[in-house]
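> give me the fold of what follows.
(3 chains)
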Amino acid sequence: MIHNLAVIYPSAKIGNNVSIGPFSIIYDNVEIGDNCNIGSHCELGVKSMNDVESPLIISKNSNIRSGSVFYEGSKFGENLTTGHKITVRERVTAGNNLQLGSYTDIQGNNQFGNFVKMHSNVHIGQGCVIEDYVWLFPYALIVNDPHPPSNIELYSTIRKYTVVGARVILMPGTILGEDVLVAAGSIVSGSVENGVLVAGSPAKRVCRTSQIPLRDGSKRAAYPWRRHFHRGYPEQVVLEWMDEFK
Amino acid sequence: MIHNLAVIYPSAKIGNNVSIGPFSIIYDNVEIGDNCNIGSHCELGVKSMNDVESPLIISKNSNIRSGSVFYEGSKFGENLTTGHKITVRERVTAGNNLQLGSYTDIQGNNQFGNFVKMHSNVHIGQGCVIEDYVWLFPYALIVNDPHPPSNIELYSTIRKYTVVGARVILMPGTILGEDVLVAAGSIVSGSVENGVLVAGSPAKRVCRTSQIPLRDGSKRAAYPWRRHFHRGYPEQVVLEWMDEFK
Amino acid sequence: MIHNLAVIYPSAKIGNNVSIGPFSIIYDNVEIGDNCNIGSHCELGVKSMNDVESPLIISKNSNIRSGSVFYEGSKFGENLTTGHKITVRERVTAGNNLQLGSYTDIQGNNQFGNFVKMHSNVHIGQGCVIEDYVWLFPYALIVNDPHPPSNIELYSTIRKYTVVGARVILMPGTILGEDVLVAAGSIVSGSVENGVLVAGSPAKRVCRTSQIPLRDGSKRAAYPWRRHFHRGYPEQVVLEWMDEFK
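Residues are numbered from 1 along each chain as shown, chains lettered A, B, ... in the order given. Now for the predicted structure:
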């Protein structure tokens, strides 16, 4: 299952039932858990220039699609899934079930919870904390230098269940509460309280997200989304959500 | 003309006079017409997770540049041309002479006419219908979920000759008429009537496109563009356009 | 140091102490200076369709990261550094110490000075002049057709020390003076005088950049940035800057 045109360095640790496509490179400082699929043209464990000594850890049941690049010194929980041609730098840590869309570009020193989902072409600058069940849609962008170029970095935090729409910018030091929705194309600064929709450039409060109707004819609210959207989440998680809203 | 460091699966059907670069992979469920050029580091016929049984069909005289990924189950007319590192998912159908710029990301279930041209880094969400002679400029983005994440998808349509400027977002369910121009950076919702320029976020009607002067000193109008811009179109098409405006 | 799974065409000129990763291709019309590092999955010297006869010249001490594509007919000074998966077309000339972030897409016929730095996913249309010490942040985009599609191209110029924020669009024919700052997400047209902050869509003058405080508690100004930000510049350059502000 390891293609003979893949290049596997001798100290790489590769679990059972791992498949690796042609033209992929697994460098020395890498540990891949059982039952993983690594597509073609990938590069895992690229040497960092920043004196990272820890390995790249890809946990079991992960699926890394073709053309993706991971540096050494990052650690991912089980069931990581990526699109094609992503790049992830060093010192990233993630819980289980992270999804990263094609062309997504994750800078170093980021911290992601469980079930964080990013669509295509998301760019995460250094130093973010993104909690469980957060969604980032295509071209969402998080930056951290308030007056570039400088040595000052202000980091952003996104709390549980929050949704960042397509082509949004989170400016340096943005704090999004739980269950926030940022409308597509917005530019957000400062803090956003729980359960609010913000929109525009600069983004302003529009309403509570619970006032947004679900467009299925049911007169239910579209948010909190976990009340009606369960695709891809394990049964136990869904049962907890159903309990929460009983 | 098939490089010895390309990986060609045994059931792939490859026409006459096809060239395939080194480090490319052609999976089983692929048909490539005559006189095609497939660059290096490509992956054609990637297995879909969605039970697609139909093959990837690349018709004659196509040119797929290096690093591009196509899933099985899509079908392209003649003269497909791509930039580098594009991604195209399953169940996409296109007429002849489709152009896709580098890094362009086409999701599944899209339908394109003839002579549709996309520049770099365009992202097309699922379910779009894009008619003949439409242009999409860099970073144009079409999304389809009105309140993400949800199971509701509202699809967009772009009619003939319409031009979507750089970094535009078409929100879910947008309908652009014929000969529309969307100014760079706009965010468009709803329907736009034929022959109108819209701009801004949210995009509003500015004027008829025929009121935009061509900046060549000629006092002609810049739109409809097919009146003066003919580069890359076959003679027969250009003659029809010249007839239309006689 | 040239991997045995790299493809090196016979007329390529490769200097001393050059390393080339697996699955990279160096075509004939390429000259690589001493002490360069070319990552895996690269393609250097891609044949242009535009009758370019001059070679791709990569000067000494350059570092091209994996998955990058350069066409023939461009010339770079010493110490070029790139991220992953960039694309650079023909007839680009650059001074020394150019930095190009991952996924950056440089069209043909561009001219860059020394120490120009672009972050991830910058897209530069044809015909730009970008002077020394300019910064472009992620997703900055420069376009050149004032009424696309057409045969008219209006080129943009960015003068020394200017900073273009994340996701900015420079519209066709934009002239940014020296020491300008364009705020993230702005859309700029026309000319911007030296030392000014512009913001918004369309971008308007906000204040002089020297009125922006550096957020380090020092009561210094954040601009001109070269007064306080020296990371990555050689000692001689920094000494000149220190002299300038004595």
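> every contact and neighbour count from this point should use C-alpha atoms.
Fine.
> residue of chain A nearest chain C, please.
Chain C sits closest to residue A:150 of chain A, with a gap of 5.6 Å, by C-alpha to the nearest C-alpha.
> for chain A, which residue gets nearest to chain B?
residue A:229 (5.6 Å).
> tell me how far the residue of chain A closest to chain C lies from residue C:215.
9 Å (C-alpha to C-alpha, to the nearest Å).
> intersection of neighbour lists for those two?
residue C:222 (C-alpha atoms under 8 Å, 6 or more residues apart in numbering or on different chains).
> residue A:129 bridge partners, please.
On the basis of DSSP bridges, residue A:129 is bridged to residue A:111, residue A:157.
> can you pull the contacts of it?
Residue A:129 touches A:110-112, A:155-158, counting by C-alpha under 8 Å, 6+ apart.
> residues in chain A within reach of chain C, list them.
A:23, A:41, A:87, A:143, A:146-152, A:169, A:187 (C-alpha under 8 Å from any C-alpha of the partner chain).
> need those in JSON lines with pLDDT and secondary structure, can you?
Shown next, in JSON lines, are the residues of chain A next to chain C (pLDDT from 0 to 100; DSSP: H, G, I helix; E, B strand; the rest coil):
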{"residue": "A:23", "pLDDT": "98", "secondary structure": "coil"}
{"residue": "A:41", "pLDDT": "98", "secondary structure": "coil"}
{"residue": "A:87", "pLDDT": "98", "secondary structure": "strand"}
{"residue": "A:143", "pLDDT": "98", "secondary structure": "coil"}
{"residue": "A:146", "pLDDT": "98", "secondary structure": "coil"}
{"residue": "A:147", "pLDDT": "98", "secondary structure": "coil"}
{"residue": "A:148", "pLDDT": "98", "secondary structure": "coil"}
{"residue": "A:149", "pLDDT": "98", "secondary structure": "coil"}
{"residue": "A:150", "pLDDT": "98", "secondary structure": "coil"}
{"residue": "A:151", "pLDDT": "97", "secondary structure": "coil"}
{"residue": "A:152", "pLDDT": "97", "secondary structure": "coil"}
{"residue": "A:169", "pLDDT": "98", "secondary structure": "strand"}
{"residue": "A:187", "pLDDT": "98", "secondary structure": "strand"}
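> wait, residue A:23 touches residue A:40, no?
Yes - under the criterion of C-alpha atoms under 8 Å, residue A:23 is in contact with residue A:40, at a separation of 5.6 Å.
> shared neighbours of the two, which are they?
With C-alpha under 8 Å, 6+ apart as the test, residue A:23 and residue A:40 reach no residue in common.
> what's the neighbour count on residue A:221?
Applying other C-alpha atoms under 10 Å in any protein chain shown, we find 17 residues neighbouring residue A:221.
> how about the helices in chain A?
Secondary structure of chain A (DSSP state H): helices located at A:235-244.
> got the residues of chain A near chain B?
A:23, A:41, A:84, A:135, A:163, A:165-166, A:185, A:214-216, A:222, A:225, A:228-229.
> if we go to 6 Å?
For chain A, the contact set with chain B under C-alpha under 6 Å from any C-alpha of the partner chain comprises residue A:229.
> sorry, back to before: just the buried residues of the residues of chain A next to chain C.
With burial judged by 16 or more other C-alpha atoms under 10 Å in any protein chain shown, the buried subset of the residues of chain A next to chain C is A:23, A:41, A:87, A:143, A:146-150, A:169, A:187.
> which one is residue A:16 nearest to, not counting chain neighbours?
Excluding the flanking residues, the one nearest residue A:16 by C-alpha to C-alpha, 6 or more residues apart in numbering or on different chains is residue A:34, at 4.7 Å.
> quick check: closest non-adjacent residue to residue A:242.
Using C-alpha to C-alpha, 6+ apart, the nearest residue to residue A:242 is residue A:227, at 6.8 Å.
> burial of that neighbour, as a residue count?
17.
> what does the pLDDT read for it?
Looking at residue A:227, its pLDDT is 97.
> ok, residue A:246 next?
87.
> give the contact list for it.
Shown in contact with residue A:246 (C-alpha atoms under 6 Å, 6 or more residues apart in numbering or on different chains): no residues.
> likewise for residue A:168?
So residue A:168 contacts A:140, A:184-187 (C-alpha under 6 Å, 6+ apart).
> tell me the pLDDT of the nearest residue to residue A:147 once chain neighbours are set aside.
Of all residues not flanking residue A:147 in the chain, residue C:222 sits nearest, at 6.5 Å (C-alpha to C-alpha, 6+ apart). Per-residue confidence (pLDDT) for residue C:222: 98.
> I figured residue C:222 hits residue C:213, correct?
Yes - Residue C:222 is within contact range of residue C:213, at 5.3 Å (criterion: C-alpha atoms under 6 Å).
> so between those two, which is more surrounded?
A direct count of neighbours by other C-alpha under 10 Å for residue C:222 and residue C:213 places residue C:222 higher, at 23 against 15.
> can you list the low-confidence ranges for chain A?
Nowhere does chain A drop to pLDDT under 70.
> end-to-end on stretch A:200-218?
Termini of stretch A:200-218 sit 28 Å apart (C-alpha to C-alpha).
> same thing with stretch A:197-216?
Using C-alpha to C-alpha, the end-to-end distance of stretch A:197-216 comes to 20 Å.
> stretch A:169-181 too?
End-to-end span of stretch A:169-181 (C-alpha to C-alpha): 13 Å.
> once you drop chain neighbours, what's closest to the residue of chain A closest to chain C?
Residue A:150 sits nearest to residue C:229 (C-alpha to C-alpha, 6+ apart), 5.6 Å away.
> could you tell me how many residues sit around the one you found?
16.
> same check, this time on residue A:16
With other C-alpha under 10 Å as criterion, residue A:16 counts 11.
> again with the one 5 residues further on
For residue A:21, the neighbour count with other C-alpha under 10 Å is 22.
> for residue A:238, see how far away it is.
In terms of C-alpha to C-alpha, residue A:21 sits 34 Å off from residue A:238.
> got it, and residue A:32?
Using C-alpha to C-alpha, we find residue A:32 at a distance of 29 Å from residue A:238.
> what of residue A:6?
Applying C-alpha to C-alpha to residue A:6 and residue A:238 gives a distance of 39 Å.
> what does residue A:177 give?
Distance, residue A:177 to residue A:238, by C-alpha to C-alpha: 22 Å.
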